[in-house]
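Visitor: attaching a predicted model along with its sequence, questions to come.
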Amino acid sequence: MSNTADNIKSIVVVGSGTMGLGIAQVAAMGGFETRLYDIKEEQLQVARARIERNVNKGVELGKVAGDDAEAGLARLSTTTDLNQALALSDMMIEAIPERMELKQSLFGRADELMKSEAILATNTTGLSITEIGASTNRPDQVIGMHFFNPVHIMKLVEIIRSKKTSDDTFAATEAVSRKMGKETVEVNESAGFVTSRINALIGNEAFRMWEAGVAEPEDIDKALKLGLNHPMGPFELVDLVGLDVRAASTKNLHEHLGAMYEPCPIILDLVAAGRLGKKSGQGVYRYDENHKRIPGSATRP
């Protein structure tokens, strides 16, 4: 059976962190029976609560109809049984840590358990889709879906073809993305795709300016927002995404694209100090218990 959007009724999202829960939310609200998997039940409870808060806020703001919110949440379930979730789903979207060996292990397992026509997608920010797909017997049905944080607000999905991805797989993934309410761009496999390459350059240069004493983070953020019309400053963005995520992405770009992507030492020092951004309460900036940035809190590691 060829891959079409009509064949995809159910989606399993593997990983219930910030990106995974966001993907699960837009999948369920887009009309798909959605299973959100994580190894820990406590993490799933936290993820479910965040999704419900997001959806209810959409209702309060008049962006989501009450009936649609209720129906979307009813389509979402959580599970710690990965084998069953894979076996019952038409598509997998993976949102686990950026380590090739972890992704290859998961994709090999999904290949064994999922129906033969199922599509296997990764939300990697820069790892090789071809290399991930090589761990399966269906590399033509492996594809990249790069979502952006916060997933329920950001409109874009970069759809990345591996060297083996079929046209049917791409077309079905594009249609699924649109049912989720997203705009898409088509990208051929390349380290960092489009957005990660640009973001890494901007973010790295911002850290270098801070390191050289050109300006403080709050002023650099303000300059890019008001002078270049960026919706967020580079330090605000890296705290949101996670400094560990950005460090891993930049290291990968450095390996594949050369010296211009070498991570600024401050990024690595912050990660080593456990300052990972909003999720840890402190990154470049510090955050209060409501995850609000504390003014004047940027400090070097």
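Guide: All right, it came through fine.

Visitor: what is the lowest-mean-pLDDT helix or strand in the chain packed up against?
Guide: When the helices and strands of the chain are scored by mean pLDDT, DSSP states H and E, helix 243-257 comes last with a mean of 88. When contacts are defined as 3 or more CB pairs under 8 Å, 6 or more residues apart in numbering; DSSP states H and E, helix 243-257 packs onto helix 195-212, helix 265-272. All C-beta spots, glycine's among them, are computed from the backbone N, C-alpha and C.

Visitor: what do you get if the cut-off is 10 Å, keeping everything else the same?
Guide: Judged by 3 or more CB pairs under 10 Å, 6 or more residues apart in numbering; DSSP states H and E, the packing partners of helix 243-257 are helix 195-212, helix 234-241, helix 265-272.

Visitor: deepest-packed of those helices, please.
Guide: Highest mean neighbour count among the helices and strands packed on helix 243-257 (mean count of other CB atoms under 10 Å): helix 234-241, with a mean of 24.

Visitor: how about the helices and strands packed on helix 243-257 in TSV, adding distance to Asn290?
Guide: Formatted as TSV, these follow (distance: least, CB to CB, whole Å):
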stretch	distance to Asn290
helix 195-212	25
helix 234-241	15
helix 265-272	22
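
Visitor: any idea how far the residue located most distally from the centre of the chain lies from Ile220?
Guide: Largest separation from the mean C-alpha position in the chain: Gly213, at 32.0 Å (CA atoms, centre = their mean). Noted for Gly213: a distance of 12 Å to Ile220, by CB to CB, to the nearest Å.

Visitor: follow-up on the earlier one: for the least confident helix or strand of the chain, list the C-alpha coordinates in PDB.
Guide: Written as PDB, here are the backbone C-alpha positions of helix 243-257 (Å, rounded to 0.1, in the frame of the first residue of the first chain):
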ATOM      1  CA  LEU A 243      21.300  25.400  25.700                       C
ATOM      2  CA  ASP A 244      22.100  21.700  25.700                       C
ATOM      3  CA  VAL A 245      20.000  21.300  22.500                       C
ATOM      4  CA  ARG A 246      21.700  24.300  20.900                       C
ATOM      5  CA  ALA A 247      25.200  23.000  21.900                       C
ATOM      6  CA  ALA A 248      24.500  19.600  20.400                       C
ATOM      7  CA  SER A 249      23.200  21.100  17.200                       C
ATOM      8  CA  THR A 250      26.200  23.500  16.900                       C
ATOM      9  CA  LYS A 251      28.700  20.700  17.500                       C
ATOM     10  CA  ASN A 252      27.100  18.700  14.700                       C
ATOM     11  CA  LEU A 253      27.200  21.700  12.400                       C
ATOM     12  CA  HIS A 254      30.800  22.300  13.300                       C
ATOM     13  CA  GLU A 255      31.700  18.700  12.500                       C
ATOM     14  CA  HIS A 256      30.000  18.800   9.100                       C
ATOM     15  CA  LEU A 257      30.300  22.400   8.000                       C
END
